[in-house]
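sequence unknown, structure follows:
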């Protein structure tokens with residue numbers, strides 16, 4: 001019998017990803033993989049055992065820091081959108097280089113890693129507070145676990161912030177995709193002056209542009225991707241809000257790092273803390289999590 005060659009061990013150090021940017025490659029025991037960049041602690045990909053993408057990454061994404069990467073899971077901190085004191089949309093966490101501070105390498109393959117961003121002169125120019133943020137990513141079977149923690153590292157000053165995990169989900173066809181679990185949940189319509197509205201439909205569908213900030217949402221939501229015959233379950237903790245977004249035709253055309261027809265291939269569900277900003281006293285830590293699980297079939 002022929003012997004199969006053992007794959008070489010994956011070194012427990014940063015690997016080089018797109019455009020020579022350092023990052024980490026994780027592999028679960030079921031063959032799911034993920035690539036996370038030091039830039040932004042940005043999850044750039046999550047693929048199943050067949051190599052099919054679960055997260056969307058634009059073919060036009062620019063891997064040129066400080067520009068944020070278009071797709072995957074950008075971290076919005078210390079503000080979501082323009083809802084906060086920062087001049088930059090979505091804050092600055094996704095534009096900064098984070099440091100890889102922990103990585104396991106059991107069976108020569110990493111299953112989890114932790115990145116850290118501590119306040120610096122550069123961040124204080126954008127937001128005058130002392131903090132330490134940590135982002136953990138772990139692949140367990142067919143799930144991706146992410147945790148974001150923020151610590152107020154000052155000894156005197158309380159601060160507040162908003163945050164979101166701006167997850168881009170890959171779908172086979174936006175016309176056959178929906179988000180379940182938000183029926184009758186109030187939302188602010190960002191396409192209509194952020195007026196509060198309610199949609200009685202159990203599923204959010206995408207026959208046109210959608211940009212909604214759902215408030216006080218259930219902790220379990222589903223992305224139903226009929227074209228790929230799969231459902232992605234979102235289980236979130238300490239992220240009470242959920243932004244649902246698809247830019248549609250005109251915004252795709254106007255966005256340089258999106259292809260003109262990319263709106264057909266993704267939707268965003270962004271687990272967030274927006275409506276009630278998080279207040280942190282000196283020494284306090286806030287922790288949130290998002291667990292994604294992909295399963296065959298559509299609920």
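Yep, that arrived. Predicted model, so just to flag it, every value in this text is computed and none were measured. Numbering: from 1, shown residues only.

what about the helices in the chain?
Along the chain, counting by DSSP state H, helices occupy 121-126, 248-254.

dump those helices into JSON lines; add distance to residue 32, mean pLDDT and mean neighbour count as well.
Quick note: C-beta positions are derived from backbone N, CA and C, even for glycine. Formatted as JSON lines, the helices of the chain follow (distance: least, C-beta to C-beta, whole Å; pLDDT from 0 to 100; neighbours: other C-beta atoms under 10 Å):
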{"stretch": "helix 121-126", "distance to residue 32": "33", "mean pLDDT": "95", "mean neighbour count": "13"}
{"stretch": "helix 248-254", "distance to residue 32": "28", "mean pLDDT": "94", "mean neighbour count": "14"}
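
TSV for these, including distance to residue 30?
Output for the helices of the chain, formatted as TSV (distance: least, C-beta to C-beta, whole Å):
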stretch	distance to residue 30
helix 121-126	38
helix 248-254	33
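
between the ones you listed, which gets nearest to residue 170?
Shortest distance between residue 170 and the helices of the chain, using C-beta to C-beta, is found for helix 248-254: 15.1 Å.

how far does that closest one sit from the chain's center?
Relative to the centre of its chain, helix 248-254 is centred 21 Å away, using C-alpha atoms, centre = their mean, to the nearest Å.

what packs against that helix?
Taking 3 or more C-beta pairs under 8 Å, 6 or more residues apart in numbering; DSSP states H and E as the contact definition, helix 248-254 has no neighbouring helices or strands.

how about the contacts made by residue 98?
Listed by C-beta atoms under 8 Å, 6 or more residues apart in numbering, the contact partners of residue 98 are 38, 39, 40, 41, 115, 116, 117, 135.

enumerate every residue touching the first one.
Neighbour list for residue 38: 14, 21, 22, 23, 97, 98, 99, 100, 115 [criterion: C-beta under 8 Å, 6+ apart].

distance of the closest residue to residue 158 other than its chain neighbours relative to residue 154?
In space, and not counting its chain neighbours, residue 158 is closest to residue 281: 4.9 Å by C-beta to C-beta, 6 or more residues apart in numbering. Note on residue 281: its distance to residue 154, by C-beta to C-beta, to the nearest Å, is 9 Å.

same drill for the two, tell me which one is more crowded.
Each of residue 281 and residue 154 has its neighbours counted (other C-beta atoms under 10 Å); residue 154 has more, 17 against 11.

list the contacts for that one?
Here residue 154 is in contact with 129, 130, 131, 282 (C-beta under 8 Å, 6+ apart).

can we see that at 7 Å?
129, 130, 282 (C-beta atoms under 7 Å, 6 or more residues apart in numbering).

quick one: the closest residue in space to residue 102 that isn't next to it in sequence and residue 101, what's the gap?
In this structure, residue 102 finds its nearest non-sequential neighbour in residue 114, 3.9 Å apart by C-beta to C-beta, 6+ apart. Using C-beta to C-beta, we find residue 114 at a distance of 5 Å from residue 101.

returning to that earlier point: check the contacts of residue 98 and tell me the two furthest apart.
39 and 116 (13.7 Å).

and for the nearest residue to residue 101 once chain neighbours are set aside, the neighbour number?
Nearest non-adjacent residue to residue 101, counting by C-beta to C-beta, 6+ apart: residue 116, 4.6 Å away. Residues near residue 116, counting by other C-beta under 10 Å, number 16.

could you check the pLDDT of residue 116?
Listed pLDDT for residue 116 reads 98.

give the contact list for it.
98, 99, 101, 132, 133, 134.

which one of those residues is nearest to residue 258?
Nearest to residue 258 among those is residue 98, at 24.3 Å by C-beta to C-beta.

please report the distance of that closest one from residue 196.
35 Å.
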